[in-house]
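[1] the following block contains a protein sequence and its predicted model.
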Amino acid sequence: MPQLDDRTEPHSELADGVSAQVPTTDEVQIKTPENIGGMGHRKKRKEDPRFLQGKGNYVDDVKLPGMLYMDIVRSPYAHAKINKIDASAALEMDGVLAVITGEDLKAAGDLHWMPTLMSDTQMVLPIDKVVYYAQEVCAVIATSRYIAADAIEQVFVDYEPLDAVVDPFEAMKDKVIVRDDKDKKTNHIWHWEAGDKAATDAVFNDATTVVKEKFYIPRIHVSSIETCGMVANYNKVREHMQIYMTSQAPHAHRTVFALVSGIPEHKIQIISPDIGGGFGGKVPVYPGYVICAVASLVTGKPVKWIEDRSENLQADSFARDYHIEAEMAADKEGRITGLRVKTLSDCGAADAAANPSKFPAGLYSICTGSYDMKAAHVEVDGVYTTKPPGGVAYRCSFRVTEAVHMVERMTDIMAHDLGVDPADYRLKNFIRPDQFPYKSPTGWEYDSGNYEAALNKAMDMIDYRGLRKEQAEKRAKGELMGIGISSFTEVVGAGPSKDYDILGIKMFDSAEIRIHPTGKAMARFGTKSQGQGHETTYAQIIAEELGLPADDIEVEEGDTDTAPYGLGTYASRSTPTAPRPTASGPTRAVLPQLRARPPQWPRGRSGPRRRRSPRTC
C-alpha cells in the first residue's frame, strides 16, 4: 500500500486570507472562584492517591469467606469436533470440587448458549464442536487458584480436527460452515448499507478523476493492564447473586445475566470496582463470566475467576479486522464529489460486537469525514470465521477509526494523483462553516465545525511550510521524511435513541445527586471509569453548574444497587451524557434554600468538639 510520504510534494504557498491567525481557546475561561474549583481550574485528581499508594480495589483484590477458584480448559484447535471430555483424573486431585462442561450447563437450563449484544448467539461451553482457538471447553472449580490451574492439565479432551477458515473471503464461499447450529448453512451473517447508491453511481459516471484503493485494517487486541475477571457470590437463602466483575457497563451486564440465568434482575447486584483499563474490551459478556456465575449457583459458595495474560490475548474481544475497497471521485476542479465503499467485516465465530448503535457496522457511515461531497454509498457484509468472536471500538466510537482511516487515505491518494499538497486539498474540500448544520450523504447531521481554521492552526503550530521545505531538502540528499495529516470526525456521546440501542433498552444515562444538610453532596452515575478520572471531572462539572465546592462532592459509580441505571463508559460518551442531569431544575431549586438556612446546632447542647492533635492533648 502506498505510504503518505511517497505521494506528497513540498507544501505550496497558502492563498492570501487562509492564514492561521484564528481565534483559539488557549486562555481557559474560568467562571467559578478557586474555592469552588469548577471547570478550568487545575486540580489534582481525586482518585490518584489510592492508585499512587497501591490502595486501589480491583476484582482480584476481592476475598470472600470460603471462596473457590475457577480455571478454564481451552481448545488447541480453531475448528474441531469434541468426541469426549474425560475429567476423571482432575476430579481425583485433592482440592478439586467440580468440572463443569457444556452438557452440565445444558442440563441446568440451556445455559450453554448465551445472547450477544448484537442479537446473535455465542457458546458459553460447547457440546459438539469448538469454533476458534482457545475457546472455552470446560471449567475446573477448586479450593485454590493453583490447584485449579494444575487440574486443567489433567482434563483429557478427545478432538477430531476440522478444516479451519480464517480468511473472510474464503468463508464467504461457504465451503467450511463455521456455525452449523444456524438454520441457514452459510457464513454470511448480515448485509448493511447507507447512502444513495444510484446518486453515487451517477456522480462517478460524471467524475473527471477516480481513485481506488484496497485496505486491510488488521485485527488487534486492546491489551489493558488488568485482564478480565469475576467473583460470583450466590446467596441461596436470599436467592440473590452478587457479582464483582471487570465491567465497563455494570447495568447492561446485569440485564444480560438476568436474561441468561433467569434470576430476576432485582436479585442481581453487579459491583465494578477499580478497573485497570477497558478500551472497549470490558463491554462484552465473555463465557468465563457466565461459567463463574453458574459455578457459584451450583456450589453455593463465592467463586473467583481471573484470566491470565495469555487467555486475555487469545480469546477476548478484538478490534478492527476490516477489509475495505474504496473509490473516490472528483470533478475537473479537483473537488471531491463522491465516495463508494465496500467492506468485509470478519466477525469471528459470533457477532458479539460491543456495538451501542442500531447499525450492524456501527458508526462506519461517518466515512465521508470532514469533506463536502454530493453523494456516497457504503456497504458492509459480516462473516463468520474460525477466530475468537467480538469486535470492540478501541479508542473511539464503534468503527469510526476504520472509517476515518479509509477516507483520509483516499483523500491523500486523490491529492497525490492531482498533484496537490494534501493540506491544500483538504482545505479546498472541507465542509465550510456556513454549511452547518450539515447533512452528510450517508445521513448524519453535523451540528457545527470550522475544519479549515483547525487545520490552519495546527499547520502554524508545527510550522508546516518549514517541514515541507525540510522534507524537500532531505529528499534531495536521499533521505526519507514523511509528513502525515488526518482530520478525525467522530460521533461521540452515544445517547440519542434513534441511532443507538443495546438489548432493546435504547441508549441513555442517568445521574443522582444527594445534597446533605451540611451542603456536602454525593453524586452517583450509571457510567464506569477505567482510568478516565470521572471522580474529578464530574465533581468539577457539578461544581460549575451548582456552585458547590468540587472538594465537597463525592462521586460513586459501578454498583448497580446504588447507582441509577446507565449504559456505561465507552465510545467517548460519559462526559457528554452523564453529568448533565445533575444540573436539573429541582436540584438548583434546593440549593438556595440550603444556603439561606444552613443547619444550626441547637442551643443548650454541647456542640461538636474541635479535634485535638496529640501535641495539644
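    Cool, got the structure.

[2] can you get me the start-to-end distance on stretch 474-485?
    19 Å (Cα to Cα, to the nearest Å).

[3] right, I mislabeled it, should have said stretch 54-64
    20 Å.

[4] tell me the helices and strands packed up against the helix or strand encompassing Y146.
    Y146 is part of helix 145-152 when elements are defined by DSSP states H and E. The elements that helix 145-152 packs onto, with contact taken as 3 or more Cβ pairs under 8 Å, 6 or more residues apart in numbering; DSSP states H and E, are strand 68-74, strand 96-100, strand 136-142. Backbone N, C-alpha and C define where each C-beta goes, glycine included.

[5] can you list the ones you listed in TSV and add distance to R395?
    Formatted as TSV, the helices and strands packed on helix 145-152 follow (distance: least, Cβ to Cβ, whole Å):
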stretch	distance to R395
strand 68-74	28
strand 96-100	35
strand 136-142	27
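
[6] now, of those strands, which is deepest in the fold?
    Most buried of the helices and strands packed on helix 145-152 by mean neighbour count (mean count of other Cβ atoms under 10 Å) is strand 136-142; its value is a mean of 25.

[7] quick one, it and strand 96-100 angle?
    160 degrees (axes from the mean of the first three to the mean of the last three Cα atoms, to 10 degrees).

[8] from P564, how far off is H251?
    9 Å (Cβ to Cβ, to the nearest Å).

[9] what do you get for D308?
    35 Å.

[10] ok, now L111?
    29 Å.

[11] biggest strand in the chain by residues?
    strand 336-348 (DSSP state E).

[12] quick one: list the elements packing against that strand.
    helix 168-171, helix 197-206, strand 322-330, strand 375-384, helix 400-418.

[13] what does the shortest one rub up against?
    This points to helix 168-171. The contact list for helix 168-171, computed with Cβ atoms under 8 Å, 6 or more residues apart in numbering, reads 165, 176, 178, 187, 323, 344-346, 383-385.

[14] next SSE downstream of that helix?
    Using DSSP H and E, the helix or strand that follows helix 168-171 in sequence is strand 188-195.

[15] identify whichever of the helices and strands packed on helix 145-152 lies nearest to G478.
    For G478, the closest of the helices and strands packed on helix 145-152 is strand 68-74, at 50.9 Å, according to Cβ to Cβ.

[16] how far off centre is the closest one?
    26 Å (Cα atoms, centre = their mean, to the nearest Å).

[17] go on, stretch 104-114?
    Centre to centre, stretch against its chain (Cα atoms, centre = their mean), the figure for stretch 104-114 is 29 Å.

[18] same deal with stretch 414-430?
    The mean C-alpha position of stretch 414-430 is separated from the chain mean by 33 Å, Cα atoms, centre = their mean.

[19] the closest residue to I431 other than its chain neighbours: what's it in contact with?
    Take I431 and drop its neighbours on the chain: the residue closest to it by Cβ to Cβ, 6 or more residues apart in numbering is D372, 4.7 Å away. Residues in contact with D372, defined by Cβ under 8 Å, 6+ apart, are 336, 429-432, 435, 438.

[20] what do you get for P49?
    K55.

[21] where does it land in three-state SS?
    Under DSSP: H, G, I helix; E, B strand; the rest coil, P49 falls in the helix class.

[22] hmm, back to that, between L111 and P564, which has more neighbouring residues?
    Taking other Cβ atoms under 10 Å, L111 and P564 do not tie; L111 has more neighbours (22 against 15).

[23] correct me, but that one touches V290?
    Yes: assessed by Cβ atoms under 8 Å, L111 is found in contact with V290 at 6.9 Å.

[24] overlap in contacts, these two.
    With Cβ under 8 Å, 6+ apart, L111 and V290 have common neighbours 124, 260-261.

[25] let's have those residues in CSV, adding secondary structure and neighbour count.
    Shown next, in CSV, are these (DSSP: H, G, I helix; E, B strand; the rest coil; neighbours: other Cβ atoms under 10 Å):
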residue, secondary structure, neighbour count
V124, coil, 25
V260, helix, 20
S261, helix, 20
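
[26] tell me the one of those residues nearest M241?
    Among those, and counting by Cβ to Cβ, the member closest to M241 is S261, at 7.5 Å.
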